[in-house]
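Q: got a sequence here, can you model it:
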Amino acid sequence: MELKINEVSTGVNEIEVDLTYDEIKPEIEEAYKKESKTITIDGFRKGKAPMHFIKKMYGEAIEYKASEDIAQKKFWDIAGEKGLKPISVPQLTDLDFVPFEKLSFKIKYEVKPKLELKDYTGLEIEKPLFNVKDEDIESEIKYMYKANGSYEPAEVVENEDYRITCDLERTNNDEHAHEAPKSENIVIDLSDPKVNEEIVKSAMGKKIGEKFSFTFVDEHMHGEEAHRVEYAYDGLIKKIEKFVNPAETEEFFKKISQNKATNLAELKAELVSNVESYYKNQSEQIYLNSLLNEVVKNNDFPAPPGYTESILKQFVDMEKENAKRYKDPHFDEKAAEEQLKDKAEWNAKWRIILENIAEKENLKVEESELEELAKKESEGTGISVAKLMKYYKDTNREELLLEDKVVKFLTDNNKAKEIDANEKVKTEKEEGKKAPKSKKKKTN
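A: Okay, the predicted model is just below:
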């Protein structure tokens with residue numbers, strides 16, 4: 001066998017292989033045996049024709065058909081021996097088979113390119129800090145109370161802790177007003193922040209049988225023109241109910257806190273702790289995403305298209321499985337591909353960059369580390385260490401552990417610049433207001 005490996009471009013290699021007929025003869029004979037089981041020749045039962053008849057009548061077709069399969073098999077044998085590590089489906093680019101003489105072929109395949117890494121340490125990345133607001137805690141407590149409270153009949157609306165049942169009727173003085181159907185028995189929770197403010201104000205002090213008025217404004221774009229339509233309504237109150245808070249018993253606080261609080265003070269403390277933990281995780285995740293995005297941006301390169309396509313397929317397949325699991329009949333595979341395309345390309349670049357960082361910084365996952373992990377998980381699951389080790393290798397657990405090491409290296413060797421998240425949002429809003437708005441010219 002003659003073998004030659006050429007670098008076609010960054011991340012793309014091509015292998016050239018020349019084999020004598022004798023070197024592929026075992027595979028050719030195997031192809032004859034396989035095909036003979038399906039061939040029928042007059043005078044013989046199916047699969048029982050003598051081999052020399054089969055070779056005489058179908059030999060050339062069988063051998064040409066087998067030659068492509070042999071080329072693919074030989075490629076993977078060579079890949080294993082030489083450690084080629086293709087990252088996408090290899091493409092057969094040339095096949096030259098001469099019966100009884102030779103088989104020559106070329107196969108192009110993608111590999112993770114070697115990069116000249118730069119600017120992946122010593123960076124300063126913003127890390128937003130979120131502060132727990134008293135009003136957020138109070139709002140959450142109010143929501144918990146609302147979910148566990150009750151309503152009692154009332155005669156008059158005194159504040160926002162009421163809900164009303166009413167009929168609504170359009171009152172605009174225009175030719176289409178009478179065409180609008182009356183809406184009956186509409187229940188409106190006046191404490192709901194999504195409710196029209198005019199409804200809340202107009203309903204205050206009203207009794208059963210009395211009317212209230214409000215307007216609804218519909219603003220939308222029609223082409224490049226902004227349209228604003230105002231609709232006027234009258235509401236007739238048919239029923240009034242007052243919200244009653246649940247009794248603040250120990251059982252109530254245990255119920256809404258999953259046995260973590262027995263009174264209001266403990267509930268507030270538990271909520272503050274939960275929100276702080278959530279904000280901390282969010283802050284860490286935002287910082288990490290920003291750091292990795294910066295590293296990828298600083299080391300940008302054309303992602304191998306075949307590798308990107310394989311990652312995209314993985315993402316789309318996951319979305320498809322989720323759609324099946326949640327019985328979503330509207331899953332659109334083409335739309336999912338379009339939506340996930342950029343994510344797949346970024347992941348292709350990141351996975352290649354992280355392996356280059358690992359190699360440069362000598363970051364490795366040792367067999368002993370996998371064994372240590374298997375021992376810990378074995379104690380908790382009862383699954384043997386040997387089975388877990390096999391599972392790790394079958395599912396590329398080593399790659400995930402290597403990524404964890406690279407991420408830790410990056411977080412240890414770059415600086416987080418802590419900023420107040422609320423102040424940043426406020427500043428961005430103010431800058432957005434100051435920025436000049438571009439005007440679109442009308443075209444006829």
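Q: OK, contacts around the nearest residue to N159 once chain neighbours are set aside?
A: Distances taken as CB to CB, 6 or more residues apart in numbering put M204 closest to N159, at 7.6 Å, once the chain neighbours are dropped. All C-beta atoms are positioned from the backbone trio N, CA, C, and that covers glycine. The contact partners of M204, by CB atoms under 8 Å, 6 or more residues apart in numbering, come to V157, E158, N159.
Q: and Y143, by the same measure?
A: Taking CB under 8 Å, 6+ apart, one finds nothing in contact with Y143.
Q: coming back round to it: filter the contacts of M204 down to the buried ones.
A: Buried residues within the contacts of M204, counting neighbours by 16 or more other CB atoms under 10 Å: V157.
Q: nearest to I70 among the contacts of M204?
A: Ranked by distance to I70 (CB to CB), the contacts of M204 are led by N159 at 83.6 Å.
Q: the closest one - that's part of a strand, no?
A: No. Read with DSSP: H, G, I helix; E, B strand; the rest coil, N159 is coil and lies in no strand.
Q: measure it to L236 for me?
A: 21 Å (CB to CB, to the nearest Å).
Q: next: L401.
A: 67 Å.
Q: same question for L271.
A: Distance from L271 to L236, counting by CB to CB: 40 Å.
Q: what of L95?
A: Relative to L236, L95 is positioned 83 Å away (CB to CB).
Q: what sits against V229?
A: V217, D218, E219.
Q: quick check, the first one in contact with Y233.
A: Looking back up the chat, that one is V217. No. Between V217 and Y233 there is no contact under CB atoms under 8 Å: 11.8 Å.
Q: next SSE after the helix or strand harbouring K405?
A: Counting by DSSP states H and E, the element that carries K405 is helix 397-412. Next helix or strand after helix 397-412 toward the C-terminus (DSSP H and E): strand 415-420.
Q: run me through the strand neighbours of that following strand, direction for each.
A: Strand 415-420 pairs in its sheet with strand 124-129 (parallel), by DSSP bridges.
Q: tell me the angle the longest helix anywhere in the chain makes with strand 415-420.
A: Determined from DSSP state H, the single longest helix within the chain is helix 264-298. Going by axes from the mean of the first three to the mean of the last three CA atoms, to 10 degrees, helix 264-298 is angled at 130 degrees with respect to strand 415-420.
Q: and helix 264-298, what does it pack onto?
A: Applying 3 or more CB pairs under 8 Å, 6 or more residues apart in numbering; DSSP states H and E, one finds that helix 264-298 contacts strand 124-129, helix 134-148, helix 250-257, helix 333-360, helix 397-412.
Q: any chance of TSV for these, columns mean pLDDT?
A: Below are the helices and strands packed on helix 264-298 laid out as TSV (pLDDT from 0 to 100):
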stretch	mean pLDDT
strand 124-129	96
helix 134-148	94
helix 250-257	96
helix 333-360	96
helix 397-412	95
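Q: which one of these lies nearest to K56?
A: helix 333-360 (48.4 Å).
Q: can you list phi and psi of A261 for me?
A: Main-chain torsions, A261, degrees, to the nearest 10: phi -150, psi 150.
Q: F253 is in contact with that one, correct?
A: Yes. Counting by CB under 8 Å, A261 touches F253, with 4.9 Å between them.
Q: one step back: and V217 and Y233? which has more neighbours close in?
A: Just comparing V217 and Y233: by other CB atoms under 10 Å the higher neighbour count belongs to Y233, 20 against 10.
Q: tell me which residues of stretch 118-135 come out buried.
A: Using 16+ other CB under 10 Å as the test for burial, stretch 118-135 gives Y120, L123, I125, K127, P128, L129, F130.
Q: relative to S290, how far out is the nearest residue to the fifth one once chain neighbours are set aside?
A: Of all residues beyond its chain neighbours, the one nearest P128 is A421 (3.8 Å), with distances taken as CB to CB, 6+ apart. A421 sits at a distance of 13 Å from S290 (criterion: CB to CB).
Q: so what's the nearest residue to D119 once chain neighbours are set aside up against?
A: Distance criterion CB to CB, 6+ apart; nearest residue to D119, sequence neighbours excluded, is N298 at 3.9 Å. Contacts for N298 were tallied using CB under 8 Å, 6+ apart; they are K118, D119, Y120.
Q: let's have those residues in TSV, adding pLDDT, distance to P153 and secondary structure.
A: Listed next are the contacts of N298 as TSV, based on pLDDT from 0 to 100; distance: CB to CB, whole Å; DSSP: H, G, I helix; E, B strand; the rest coil:
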residue	pLDDT	distance to P153	secondary structure
K118	96	72	coil
D119	97	69	coil
Y120	97	67	coil
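Q: between the buried residues of stretch 118-135, which is closest to V89?
A: V89 lies nearest to Y120 out of those, by CB to CB, at 30.2 Å.
Q: the closest one touches V296, doesn't it?
A: No. Y120 is beyond contact range of V296, at 9.5 Å (criterion: CB under 8 Å).
Q: which residues are common contacts for those two?
A: I353.
Q: what about L271 and L236, which has more around it?
A: The neighbour comparison of L271 against L236 (other CB under 10 Å) goes to L271, with 20 against 17.
Q: dump the residue contacts of that one.
A: I137, E140, I141.
Q: buried ones in stretch 397-408?
A: Buried, per 16+ other CB under 10 Å, within stretch 397-408: R397, E398, L401, L402, E403, K405, V406.
Q: just to revisit the earlier point, of the contacts of L271, which is the nearest to A61?
A: So of the contacts of L271, ranked by how close each gets to A61 (CB to CB), first place is E140, at 74.0 Å.
Q: give me the neighbour count for the closest one.
A: Burial measure for E140: 16 neighbouring residues, criterion other CB under 10 Å.
Q: and it, how far from L267?
A: 9 Å.
Q: just give me the longest strand of this structure.
A: If you go by DSSP state E, the chain has its longest strand at strand 225-244.
Q: quick one, that strand and helix 134-148 angle?
A: Here strand 225-244 runs at an angle of 60 degrees relative to helix 134-148 (the same axes, to 10 degrees).
Q: mind listing what's buried along the helix or strand bottoming out on mean pLDDT in the chain?
A: Least confident helix or strand, the chain: helix 421-434 with a mean of 74, by mean pLDDT, DSSP states H and E. Residues A421 are the ones in helix 421-434 that count as buried (16+ other CB under 10 Å).
Q: now the angle from that helix to strand 415-420?
A: Using the same axes, to 10 degrees: helix 421-434 against strand 415-420 is 80 degrees.
Q: assess the claim that L190 and C166 are in contact.
A: No. Counting by CB under 8 Å, L190 does not reach C166; the two are 11.2 Å apart.
Q: between these two, who's got more neighbours?
A: Each of L190 and C166 has its neighbours counted (other CB under 10 Å); C166 has more, 24 against 18.
Q: just to revisit the earlier point, shared neighbours, V217 and Y233?
A: Residues touching both V217 and Y233 (CB under 8 Å, 6+ apart): there are none.
Q: per-domain residue ranges of the protein.
A: Listed by automatic domain parsing, the domain ranges of the chain are 2-110, 150-244, 279-434.
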